[in-house]
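Student: Below are the sequence and a predicted model for it; my questions follow.
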Amino acid sequence: MSVVVSPIREPLIGGNKTYHQITEDICAPTETTPPKSWVIAFIASVITLAYGLFCIGWLIYFGTGTWNLNRTIGWGWDITNFVWWIGIGHAGTLISAILLLFRQKWRTGVNRAAEAMTIFAVICAAIFPVIHVGRIWVVFYFFPLPNTRGPLWVNFNSPLLWDIFAISTYFTVSLLFWYTGLVPDFATIRDRASGFRKKLYQFLSFGWTGSAKHWQRWESLSLVLAGISAPLVLSVHTIVSFDFATSIIPGWHTTIFPPYFVAGAIFSGFAMVQTLMLVTRHVLKLQDYITVSHIESMNKVILFTGTMVGVAYLTELFIAWYSGYVYEQFAFLNRATGIYWWSYFGMMTCNVLSPQLFWIKKFRTSIFWTFIMSIFVNIGMWFERFVIIATTLARDYIPSSWSYYTPSWVEIGIYVGTFGLFFTLYLGFSRVAPVVAIAEIKSILKSSGNQYVNHHKDAHHHNINEQHALDHLTAEHEGEHHH
Amino acid sequence: MLRKRNKTVIYGLYNDESDLLTAVNKANSKHLDIFDVYSPFPIHGLDPLLGLAESRLHIGGFIYGLLGTMTAFGGMTWIFTRDWPMIFGGKPYWSVPAFIPITFELTVLFASIGMVVTFYTICGLGPGVNNTILDERTSDDKFALAFDLGSLSNDKVDGLRSFLKESGAGEIHIKDI
């Protein structure tokens, strides 16, 4: 098979891997006893999750009065956390779908873990709309079921309902896409396992055989799922932004929201992928598969989307001024200089200024700085949602109803609990499933393994040298003519 | 299991996909009838050599998607114009622009679920399915080329065996699958 290798590309797989070595490296975490660090992290996550569940129980028993929301500020940490988690959930589908369509081979190193992260983040996000309704036992009113009082339906014209459809579709499609990718890799583990594990992976791998026709259909399915997931991922945060943009609250009623929210979602999603991958590659010893060039590529996406978000913030300010509409102008002045000035400051610093460091290659390729930055971006993006939601609501139309809001211990506990849930799921995933897509890594080995790329690089240099020699000869020849 | 094959096959294991492709090419030139190829990852360029027609899964996806479009748009139209007409914000009952987001989402949802279910059904895969694996190393680093023995004479079987050997197969086995 002829393999096209670009001589200027960085190899995506280091360490002179063979196909068998790839299997060994990536299956290893699922086949060994977890290290002590994993056990400690897992126990900590489960305890945090349990605390979160306790707080949710408290909320359901005593009602939303246990939250510090008030007549002016009806959305606080609940919807901030919801939008934040949903945003984080965007990177997985972006990496697996949009980068697949763009034929970006570096996606293979990180797509599996990023998709898992997407699914877990969407689960964390979905908790908030469900619990914030107060009377959780009638939460089925979300869905278009004729209710108990007669055939009265949900409001299909409401962005809140569109959100239900968008998020449930997004979750389902991401899950199907992710699992279909996992099936051949579960088969790889199955064929190496024995005893109970063999039975477990036999079940998980759905009887996969690796037949040529199955691979052909699998690829066709992946491509079409990627094709429809790409607009889907853009639609999800667009619709989340409609929750705000279709209202008439100054500061929310903004046509720029959909692209601005999508860029912000990708931005925070990639930051969370970085946070997780930097730890995962270190703990599971996957540095040959998730290389510095992967990290650099993701940092470039962070820089690009961070700058887009920055442009959106400035555009909002400009339009508020240019509109000549005093309420709009006040809304933005209030964001920057009002009672919540500190969250605006945090948002601007973390989201707009700090990613600019990544213009410098040294920072872009530094593990340490990438980790610090990924945390900064996540904090900044949380502040962004808080700024949009709480700051705007705190200063609404009637000054007599202006108020301030700080979360109660229940709200904080539920947010902390979602981290417990997220990390419990992610840590579980990292011991059961291959965190790097084995089959996909094998399929790019010949074009992106360092032994092949470097080999071709040498060949390329040869060609250049020969070309130089030729040029030199021609030049001499022409020189003779002139004489 | 949806399809029981109950076949006896002879197969050779190759160490590299390029060796396998060469062998498949040779088998084609000798007009040998290949049963199947098993590999740890999809091999590009193999499908035309095996005479596999392009998968029609995407056509299925289109039809499922269309079904989703019609379900969503038709459903909302029926609910808001016939079953229980309601006015929201002074807009008409049949407010088409407001129906677009849900129509889009259901199109994607139906297309994906439909395609995934079709994929597992036609491949005979699914939870609880336990197909016989030809060789466990084909999900690791080996590439298998298999011929159906059927009711072939011993001479023909020996011919296949020597073909596999000559084309570079490291190991040759006979197995019931």
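Tutor: Done, it's in.

Student: use CA for all of it now, contacts and neighbours both
Tutor: Noted.

Student: mind listing the helices for chain B?
Tutor: B:17-29, B:46-50, B:57-78, B:96-123, B:154-166 (DSSP state H).

Student: Now render those as CSV, adding distance to chain A and mean pLDDT.
Tutor: Below are the helices of chain B laid out as CSV (distance: least, CA to the nearest CA, whole Å; pLDDT from 0 to 100):
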stretch, distance to chain A, mean pLDDT
helix B:17-29, 5, 89
helix B:46-50, 7, 88
helix B:57-78, 7, 95
helix B:96-123, 5, 95
helix B:154-166, 18, 86
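
Student: could you redo the ones you listed as a markdown table and give each row mean neighbour count?
Tutor: Below are the helices of chain B laid out as a markdown table (neighbours: other CA atoms under 10 Å in any protein chain shown):
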| stretch | mean neighbour count |
| --- | --- |
| helix B:17-29 | 18 |
| helix B:46-50 | 16 |
| helix B:57-78 | 18 |
| helix B:96-123 | 20 |
| helix B:154-166 | 15 |
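
Student: Select, out of those, the one closest to A:Ile79.
Tutor: helix B:96-123 (20.8 Å; CA to CA).

Student: so what does that closest one touch, helix or strand wise?
Tutor: Counting by 3 or more CA pairs under 8 Å, 6 or more residues apart in numbering or on different chains; DSSP states H and E, the packing neighbours recorded for helix B:96-123 are helix A:159-190, helix A:212-245, helix B:57-78.

Student: Swap in 6 Å and give it another go.
Tutor: Counting contacts by 3 or more CA pairs under 6 Å, 6 or more residues apart in numbering or on different chains; DSSP states H and E, helix B:96-123 is packed against helix A:159-190, helix B:57-78.

Student: right, and those helices - which one's nearest A:Trp402?
Tutor: Among the helices and strands packed on helix B:96-123, helix A:159-190 sits nearest to A:Trp402 (CA to CA), with 25.2 Å.

Student: Could you confirm whether any residue of the closest one contacts chain B?
Tutor: Yes: interface with chain B: helix A:159-190 contributes A:Trp162, A:Ala166, A:Thr169, A:Thr188 (CA under 6 Å from any CA of the partner chain).

Student: you'd agree the last one is up against B:Ser139?
Tutor: Yes: A:Thr188 sits in contact with B:Ser139 when judged by CA atoms under 6 Å, with a separation of 4.9 Å.

Student: will you turn the residues of helix A:159-190 next to chain B into CSV that also has neighbour count?
Tutor: Compiled in CSV, those are given as follows (neighbours: other CA under 10 Å):
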residue, neighbour count
A:Trp162, 24
A:Ala166, 27
A:Thr169, 25
A:Thr188, 28
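
Student: surely A:Leu393 meets A:Trp75?
Tutor: No: in terms of CA under 6 Å, A:Leu393 does not count as a neighbour of A:Trp75; the distance is 8.1 Å.

Student: If you count surrounding residues, which of the two has more?
Tutor: Remark: of A:Leu393 and A:Trp75, A:Leu393 carries more neighbours, 25 against 17, as counted by other CA atoms under 10 Å in any protein chain shown.

Student: quick check: mean pLDDT across whichever strand or helix holds that one?
Tutor: Here A:Leu393 sits within helix A:392-394, counting by DSSP states H and E. Averaging pLDDT along helix A:392-394 gives 90.

Student: which one of the residues of helix A:159-190 next to chain B sits closest to A:Gln356?
Tutor: A:Ala166 (32.5 Å).

Student: what's the closest non-adjacent residue to that closest one?
Tutor: The shortest distance from A:Ala166 to any non-neighbouring residue, by CA to CA, 6 or more residues apart in numbering or on different chains, is to A:Val236 (5.4 Å).

Student: Tell me how many other residues crowd that neighbour.
Tutor: What A:Val236 shows, counting by other CA under 10 Å, is a neighbour count of 29.

Student: Which one of the helices and strands packed on helix B:96-123 lies nearest to A:Ser448?
Tutor: helix A:159-190 (19.9 Å).

Student: any weak-confidence spans in chain A?
Tutor: Where chain A drops to pLDDT under 70, the residues are A:1-8, A:147-151, A:454-483.

Student: can you give me the strands for it?
Tutor: Listed from the start of the chain, chain A has no strands (DSSP state E) to report.

Student: how about the residues of it near chain B?
Tutor: Counting by CA under 6 Å from any CA, chain A sits next to chain B at A:1, A:19-20, A:157, A:162, A:166, A:169, A:188, A:191, A:203, A:206-207, A:209-212, A:215, A:217, A:439.

Student: What's the ChimeraX line that selects buried ones from the residues you listed?
Tutor: Applying 16 or more other CA atoms under 10 Å in any protein chain shown to the residues of chain A next to chain B leaves a buried subset, and the ChimeraX line that selects it is:
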select /A:19,157,162,166,169,188,191,203,206,207,209,210,211,212,215,217,439
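
Student: How about residue 132: what's its closest non-neighbour residue?
Tutor: This is for chain A. A:Asp78 (6.7 Å).

Student: right idea, wrong chain: chain B
Tutor: B:Ile177 (5.7 Å).

Student: Wait, the one you found touches B:Lys7, no?
Tutor: Yes: using CA under 6 Å, B:Ile177 is in contact with B:Lys7, at 5.4 Å.

Student: B:Tyr14 contacts B:Phe143, doesn't it?
Tutor: Yes: between B:Tyr14 and B:Phe143 there is a contact at 5.0 Å, judged by CA under 6 Å.

Student: So for these two, which sits in the more crowded spot?
Tutor: B:Phe143 (29 against 25).

Student: gap between that one and A:Leu317?
Tutor: Per CA to CA, to the nearest Å, B:Phe143 is found 60 Å from A:Leu317.

Student: Quote the end-to-end distance of stretch A:191-209.
Tutor: 10 Å.

Student: Please list the residues outside it that contact it.
Tutor: By CA atoms under 6 Å, 6 or more residues apart in numbering or on different chains, the list of residues contacting stretch A:191-209 from outside reads A:183, A:186-187, A:190, B:125-131, B:133, B:136.

Student: who's in contact with the residue in the stretch 251-400 of chain A that chain B sits nearest to?
Tutor: Going by CA to the nearest CA, chain B is nearest to A:Pro258 of the stretch 251-400 of chain A, at 13.0 Å. The contact partners of A:Pro258, by CA under 6 Å, 6+ apart, come to A:Thr238, A:Ser241.
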